[in-house]
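Trainee: Predicted coordinates and the sequence they were generated for:
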Amino acid sequence: TEKRISVSSFAHNKFFYRDLVPNKMNSEVKPMTSVLIYGGKTGWIGGLMAELLAKNPDIKVHLAESRIQNRESTAKELDDLKPSHVLMSAGITGRPNIDWCEDHKPETIRTNVIGTLNVADLCNERGIHVTVYATGCIFKYDEKHPLGSGIGFTEEDAPNFDGSFYSQTKGYMEPMLKCYPNCLILRVRMPVSDDLIHRNFVTKIVKYERVINIPNSMTILQEMLPASLAMAKAGLTGVYNFTNPGVISHNEVLDLYTKYIDPTYHYANFTVEEQAKVIKADRSNNELDTTKLLRDMPEGIKILPIKEAFEQCFIRMKVNLTEMGWLPNNMPAEFVRAPKP
């Protein structure tokens with residue numbers, strides 16, 4: 001019989017049930033000896049995971065060659081390499097942003113739905129643990145989770161946001177992935193790295209002339225990706241909100257950018273209604289509850305609250321950009337703002 005406890009949530013001011021023991025693929029966890037990464041060759045998160053794993057000489061790292069929408073070639077690669085674990089970070093988010101998906105729906109489905117299910121299903125047939133780097137951009141603030149309330153969406157909540165086709169495909173996927181006992185599903189949100197790569201949430205909003213100012217849950221990758229590896233090694237499965245605890249607003253992020261990177265930088269705000277006029281697809285804004293993540297995190301892994309994690313991220317970014325020669329006075333033109341009139 002599954003053992004359960006009642007956990008009090010101060011934010012919810014009510015009781016809800018959570019599993020006392022984390023879900024695991026097997027009672028006997030397989031050691032991580034060989035990892036196959038989908039999205040490791042050209043993907044951002046997959047590439048970072050490959051770099052992280054390369055530091056451990058006891059783990060063989062393979063970057064997938066097969067296209068995940070091709071079931072036969074994906075199956076052959078799994079059978080040839082026989083990995084102990086799979087990291088699934090391949091997917092389409094669109095370039096330069098998710099608006100691309102609105103005009104490329106078949107391509108988006110082919111990868112984000114068919115491809116992802118292929119990997120999950122083929123790994124399940126072979127008894128391989130798979131970590132899926134999914135998204136938490138499947139929710140929006142609502143009456144039960146009001147903006148500024150501190151009440152975050154839990155892993156048990158069903159998606160309530162379908163304002164973009166990208167989020168629709170991800171919303172379809174999660175209930176299906178949950179059916180696979182070998183899957184660890186991580187809800188990543190607005191991922192941030194300590195550089196200015198084009199995929200970085202900071203890079204995106206720094207280049208906008210105007211931004212909305214709404215608190216959101218976000219994922220600091222340099223801190224959270226090692227946590228995902230620890231979770232995979234522990235054999236954890238099921239859905240997890242994979243963000244640093246708490247929320248931070250766009251303005252707070254840009255203020256930190258001004259503090260650490262460019263003191264001459266300036267920005268302006270606009271409303272969600274004004275934003276809607278210049279984008280094709282709506283954007284998700286939400287807070288995710290990290291109670292389950294923090295409860296089940298393997299021993300020795302520390303996750304900082306989002307505002308503290310962001311501060312540390314910008315401190316690292318300043319060092320990195322200085323070593324690259326961008327700082328103090330050589331930032332690329334795309335990051336330079338004209339002086340305020």
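Mentor: Received it, and whenever you're ready, just let me know what you need. Not measured: the values here are computed from a predicted model. Numbering: from 1, shown residues only.
Trainee: quick one, helices of the stretch 51-200 of the chain?
Mentor: Ranges of helices within the stretch 51-200 of the chain are 71-81, 99-102, 105-109, 116-126, 165-177, based on DSSP state H, counting those that start in this stretch.
Trainee: Which positions in the shortest one come out as buried?
Mentor: What it means is helix 99-102. 99-101 (16 or more other Cβ atoms under 10 Å). C-beta coordinates here come from the backbone N, C-alpha and C atoms, glycine included.
Trainee: quick one: which of the residues you listed is nearest residue 81?
Mentor: Closest approach to residue 81 among the buried residues of helix 99-102 (Cβ to Cβ): residue 101, at 30.5 Å.
Trainee: Show me the shaky parts of this protein.
Mentor: 1-21, 26-27, 94, 96, 276-282 (pLDDT under 70).
Trainee: mind checking the longest helix of it?
Mentor: Counting by DSSP state H, the longest helix found in the chain is helix 306-324.
Trainee: Which residues does it contact?
Mentor: 192-196, 202, 217-218, 220, 222-223, 243-248, 252-253, 256-257, 259-261, 303-304, 327-328, 331 (Cβ atoms under 8 Å, 6 or more residues apart in numbering).
Trainee: What are the contacting residues of the host helix or strand of residue 239?
Mentor: Per DSSP states H and E, residue 239 falls inside strand 238-241. With contact meaning Cβ under 8 Å, 6+ apart, strand 238-241 is reached by 22-23, 136, 152-155, 174, 178, 183-187, 217, 231, 288-290, 292-293, 296.
Trainee: could you redo the last one with a cut-off of 7 Å?
Mentor: With contacts defined as Cβ atoms under 7 Å, 6 or more residues apart in numbering, strand 238-241 is touched by 23, 136, 155, 174, 178, 185-187, 288-290, 292-293.
Trainee: Just give the nearest non-adjacent residue to residue 105, would you?
Mentor: Counting by Cβ to Cβ, 6 or more residues apart in numbering, residue 165 is the residue found nearest to residue 105 once chain neighbours are left out, at 5.8 Å.
Trainee: you'd agree the one you found is up against residue 106?
Mentor: No - using Cβ atoms under 7 Å, residue 165 makes no contact with residue 106, being 10.8 Å away.
Trainee: With neighbour numbers in mind, choose between those two.
Mentor: Shown here are residue 165 and residue 106; by other Cβ atoms under 10 Å, residue 165 has more neighbours (22 against 6).
Trainee: Which parts of this protein are strands?
Mentor: Taking DSSP state E, the strands of the chain run over residues 4-9, 14-19, 34-38, 60-63, 85-88, 129-135, 183-188, 210-211, 238-241, 268-269.
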